Structures are given as C-alpha cells and as structure tokens.
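Engineer: Sharing a model that was predicted from the sequence below.
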Amino acid sequence: MKGSLLSIDDIKKIAKLANIPISEKQSEELIKQVGVTVAYVSKLQELPTDGVIETSQVTGLENVMREDVVDESRMFSQVEALKNATHTHNGFFVVDAVLEASE
Amino acid sequence: MDSLSSMLYWRQVNKNLLDLSILELAKRLQDKSITSVELVDESYERMEASESVIHAAITIRDKKEALALAKKADETRTAHSSPLHGMPYVVKDGYVTKDLRTTAASKVLDTFMSPYNATVIEKLEAKGAILIGKMNMDAWGHGASTENTDYPVTKNPWDITRSAGGSGGGPAAAIALRYVPFAIGEDTGGSIRLPAAWCGITSLKVTYGRVSRYGAIAYASSLDTVGPTAKTAEDCAVVLEAIAGVDPKDATSSPHAVDDYANGMTKSLTGKRIAFPTEYYKEGLDTEIKAAIFKAREQFVSLGAVVEDVSMPLLEFGVPVYYILAPSETSSNLGRYDGVRYGNGRELFTKETSRRVMTGTYALSSGYYDAYYKKAQKARTVFIKNYASILSKYDAILAPVTTVPATKFGALLEDPVANMMMDVYNVTVNIVGVPSLALPCGFTKDGLPMGMQLIGNMHGEKTLISLGSAYQSATDWHTKTPQGVTI
C-alpha cells in the first residue's frame, strides 16, 4: 500500500464501514483527497519507533472508579430522552429495520 | 433630556466598558460604579453593530432574557461574589447547553436542544456568569478556518475578506470585537490558538484534563481540551480558575490542585528560562511572523528571562501523527450521530468531516491498524520524551502559532494538506498534552494580527500566564482592536 493512492473499491468499502453515504462523483473526489491525506501521514513510517511503548492517553490516571450507584439527578424522563428524536412511536425511538425477510 | 440626547449621553458614559479587563470590570461592579445590566446591554449593542457582517455567532440568547439575568446578578452581588458574577460571556457551539440550541456548526444538529449542560457551563453559571451566545466554528471542530461551518462563515474583524481562523473562529472574532470579556473555546490541534493569533487576542490551551470535557462535543477524545479566550493572559487566568478542576463526570479530568492562576504575576522575568526551537523558524514560516517573534524574544530577554536556542527535530512528524490519531478518534466519536435519538442523518456531514471520518476509519481498519494508529501512538511517546527533555530545563518553549497570517477565504477549503499544515506548530502540543498560551506579538504591514505561543510543562499554566502577563505589561499589541468593521 506504500505511497499508492486508494482504489474506488477501497473508498466504497471505507464509506460503508464509516456509514457515510457517498455518490459516484464524491467517491472520485475522495479517492484523491483521502489518498493525499493517507500518503501524507505515511511519512510517519520514517520515524524509528522500535521498542517504543504506545501512548493512548496522557493523564497518568489509571482505573478511575465511581460508586456503583444510580444518580437520579442525571436520569432523563422518557419525554426528555425522546424530545430530540425525529421519529418516535408510543414513547419509543423508531429505527430502521436491520433484519428483513428474504425476498 | 430627550431620548436622542439621553442615548448619546449613555454612549459617552458607557462606551467601551468591554475594553476593560475582567478584574477591572469586577472592581467597578463591586463598587457599583457600573452594573451588569450596562455590561450586557453593551454586549448586545456591539453584536447588533457587527453580526450581520461578521457572523461570529450561530445562536444569540434573547436580549430580554439576558438582561433579566443581569438584573438578577446586580441584585444578588455580595462582597464575596466571583469576579465573573454578572459577566456576559459566549462559548464555542461545541458545548451542550440546556437553554440554547447546540449545533457544533453542523446541520446534523441544527435543532438539537440538549437536556443537560456541559460542566464548564454549570461552573460558570454557578459563578454568576451570563451566557449570551453560541459561537461559530468549523463543524465538529474539523478545520482551521471556520469555513467548514454549515452556517454563514465568520469573517475576520481585521479584514473581512479573510478567515478568522478555526476551528473556533467565532469566539475569537467575538473577543476581537469586544462583544464580551471572555469566551470558552476548545482546542484539539490548535482550535483555540490559531483563531486567537489571526484575530489578535489571547487564549489558553490548557493541560489535557485540567478542565472537564463533560458536555464538550467530542472531536478526538485523547486530545480535546476546554480553555479560555480573552483579551489578556490575566483575564484567561481569572476564567481558568473558575472552570478548572476534577469532575466526577469526566474520568480523564485531573485531580491536580487548581492554582490561583492570576495571583503573583510580576513584571520581572529574572530566573525564567525560555527555549527557542530553531527548527520552528526555518523555511515555511512567514518572514513578518518570524521577525515579530524574534522581537518578542528580545523583549523576554529585556524583561530578565534567559532565552536559548534548542533543537526540536520532530516537527515534521507532528502533523502525520495528529492526522492519524485525530481522524481515528473522530471516526469513532462521530459514529453516534445516526439521526435516531437526536439530530439529522450522516448525509449532512461536511466534506471535511466526511474526509476525516473516512481517513480515521481507514487507519483503524483491519490490516492497517498497526501501520497507522499503533505507529502514531508510539510516535506520541517519542514526542512526549522530546518535550520532557526540553521542558525539564526550561519554563516554556517560544513557538509560532501559524505559518502565515489570516488567509483569504477559499485558501484552505479544498486542499487537505494546506489545511493540515496550518496547525504544524500546534498539533504536537495536544499530542503531548501540555498547556500553551497564545498571545499577540505584532501586526503585518497590511495590518493583520500575528501571534506566538508559550508552551509549558504539564499543569504549568501559572508559569505561562506570568510569562505572558509580563510580556503584555511591556507591550500593547493586546490592546489593539479592529477599526471600521461596524456598520
């Protein structure tokens, strides 16, 4: 993959994984733009990091715990929880079907 | 007096209250020579004069509501009230607020009303500060020019054909125009500092974890920081003291004691040591910015500090590390916006957001994770060690904020690499987690502001503020305001 630009199939696969709807025209643009970014960041391969331990966070904190109790002041009512949803039904969120009957 | 002359009288008496420092305003509020109602009134007058051109704000609070809060603040003020009691302020629209809609500058959240407040909002409210607006930004923090907003683009108050910087262009323009005494910004890879430099104001990127991120709309969680933007280092200190501290709602917030940041500032910097990384002043840096920072270097020396050349050779790897870590984390964080529980669908993401989410998805995908994400996390360790080796010997590192002064609109919009390079001096600060104070250091011959930054040790905010404050006591760049933008 070194230095090479992404293929249209790569872009479509990434878009599917990222759940970003893209048109054919956009995927042409994205080949270039995501490709340029990926090529640019690949420069990092030149930095020697053998034996270096990864850093995922910089606070130095570990295992920050809280009491396992319910804080009612932070609970939403059903009305509050639903108030920003576009599609609701009988007090529930309406979601797209993920399982469909075979055709 | 008839109404016209009473208005003119009012203007004469009250005009430019918002040019005063927070502590000076607090003193006058305490001795009752001014009121919060007057302050809030002036804020709205300033916004009304400029907003139709500048577009610093996405949402402005109803004026009557703000004045009612100001009246209440005047009535409840005591000798023990916070200096921020009754002080109007604005936030970048990346913080959730119960009373005003929260958009993150994206149409995905166009009508979103949060059921809760961010901790930083709660803290400021507890001090009596009055939120009057939600400010413009690149959607989700993705950008360096605020052009990636889904709302009318913020114009730079110094030249309306140019960008105010990003991602927090709105808060920076608001302070440049003195809408309010302070604003709250958010810095993931320069989003507080870059717009501050381009708008000629002062801002503080805090140590990671110094201020709770609860209710800050996540861009890249291991890099995101919440910090103040204001006219001076001292003003930033007063605000920081109010918002810093551990928060049970953010497990990454720091239990480190909160300093009295505004206390103990001196005009002498004798004994202070500043590092000057020579690699930062080579090709790529605008000659006027370079000259201005070299002049600032001399100023620090004349204030008593020792400034020495050092080598920080990793600069060229900073942007690659950032553009792996930040897109990876944002691809995960933005996964929640599915339009089911709140907001609209993902087809409304800007091009820049789509690019970053897809870049991050790629870097995290099976087969590429080790080469990109894991490699960047190792590089992060290398950066931490490099910074530590310098900061164990110095109080601060003096660096530029941007390679160039404010760009014309369009310059950064369609060129991902130019966009990335704009934050070359900023991103490693977030990768390492250390604080940085950005402050004005001059103007170009075309009258555009220029900025520099002082980067310090973890939890070294107080040192940075005292360095910045000494510099500002000897210079007057921070007192300059844009002319001729009011209509």
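Structural biologist: Happy to help now that I have it. Numbering: from 1, shown residues only, chains lettered A, B, ... in the order given.
Engineer: so does stretch B:246-261 get close to chain A?
Structural biologist: Yes - applying Cβ under 8 Å from any Cβ of the partner chain, one finds that stretch B:246-261 is in contact with chain A at B:248, B:251-252, B:254-255. C-beta: built from backbone N, CA, C; applies to glycine.
Engineer: before we move on, what about stretch B:196-206?
Structural biologist: No - for stretch B:196-206, no contact with chain A is found by Cβ under 8 Å from any Cβ; the gap never falls below 12.5 Å.
Engineer: hang on, the earlier thing: go through the residues of stretch B:246-261 next to chain A and say which is closest to residue A:64.
Structural biologist: residue B:251 (4.0 Å; Cβ to Cβ).
Engineer: now the nearest residue to that closest one once chain neighbours are set aside, what's its secondary structure?
Structural biologist: In space, and not counting its chain neighbours, residue B:251 is closest to residue A:64: 4.0 Å by Cβ to Cβ, 6 or more residues apart in numbering or on different chains. Three-state call for residue A:64 (DSSP: H, G, I helix; E, B strand; the rest coil): coil.
Engineer: I'd guessed residue A:64 sits against residue B:250; true?
Structural biologist: No - in this structure residue A:64 lies outside contact range of residue B:250 using Cβ atoms under 8 Å: 9.3 Å.
Engineer: Quickly find the element holding residue B:51.
Structural biologist: Per DSSP states H and E: residue B:51 is located in helix B:36-54.
Engineer: Just want the residue of the stretch 201-350 of chain B that's nearest chain A.
Structural biologist: In the stretch 201-350 of chain B, no residue comes nearer to chain A than residue B:342, which is 3.4 Å away by Cβ to the nearest Cβ.
Engineer: circling back: which residues are in contact with the helix holding residue B:51?
Structural biologist: The contact list for helix B:36-54, computed with Cβ atoms under 8 Å, 6 or more residues apart in numbering or on different chains, reads B:14-15, B:17-18, B:25, B:29, B:56-57, B:60, B:63, B:66-67, B:69-71, B:73-74, B:77, B:85-88, B:130, B:132-133, B:154-155, B:157, B:160, B:173, B:177-180, B:485-487.
Engineer: State the number of residues packed around residue A:18.
Structural biologist: Residues lying near residue A:18 (other Cβ atoms under 10 Å in any protein chain shown) number 24.
Engineer: what helix or strand does the residue nearest to it when sequence neighbours are not counted sit in?
Structural biologist: Distance criterion Cβ to Cβ, 6+ apart; nearest residue to residue A:18, sequence neighbours excluded, is residue B:361 at 4.1 Å. Using DSSP H and E, residue B:361 sits within helix B:351-364.
Engineer: Can you name the next helix or strand after that helix?
Structural biologist: Using DSSP H and E, the helix or strand that follows helix B:351-364 in sequence is helix B:375-391.
Engineer: Quickly run through the sheet partners of the next helix or strand after that following helix, with directions.
Structural biologist: Going down the chain from helix B:375-391, the next helix or strand is strand B:396-400, by DSSP H and E. The pairing partners recorded for strand B:396-400 under DSSP bridges are strand B:273-277 (parallel), strand B:449-455 (antiparallel).
Engineer: So which of these is the most surrounded?
Structural biologist: strand B:449-455 (a mean of 28; mean count of other Cβ atoms under 10 Å in any protein chain shown).
Engineer: Any residue of the following helix or strand past that one touching chain A?
Structural biologist: Remark: after strand B:449-455, the chain's next helix or strand is helix B:461-474, criterion DSSP H and E. No - Helix B:461-474 stays clear of chain A (Cβ under 8 Å from any Cβ), getting no nearer than 15.4 Å.
Engineer: which helices and strands sit right next to helix B:461-474?
Structural biologist: strand B:202-205, helix B:233-243, helix B:287-302, strand B:396-400, strand B:436-443, strand B:449-455 (3 or more Cβ pairs under 8 Å, 6 or more residues apart in numbering or on different chains; DSSP states H and E).
Engineer: Please tabulate these in a markdown table and include mean pLDDT as additional columns.
Structural biologist: Output for these, formatted as a markdown table (pLDDT from 0 to 100):
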| stretch | mean pLDDT |
| --- | --- |
| strand B:202-205 | 98 |
| helix B:233-243 | 98 |
| helix B:287-302 | 98 |
| strand B:396-400 | 98 |
| strand B:436-443 | 98 |
| strand B:449-455 | 98 |
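Engineer: For the stretch 51-200 of chain B, which residues are neighbours of chain A?
Structural biologist: B:111-113, B:115-116.
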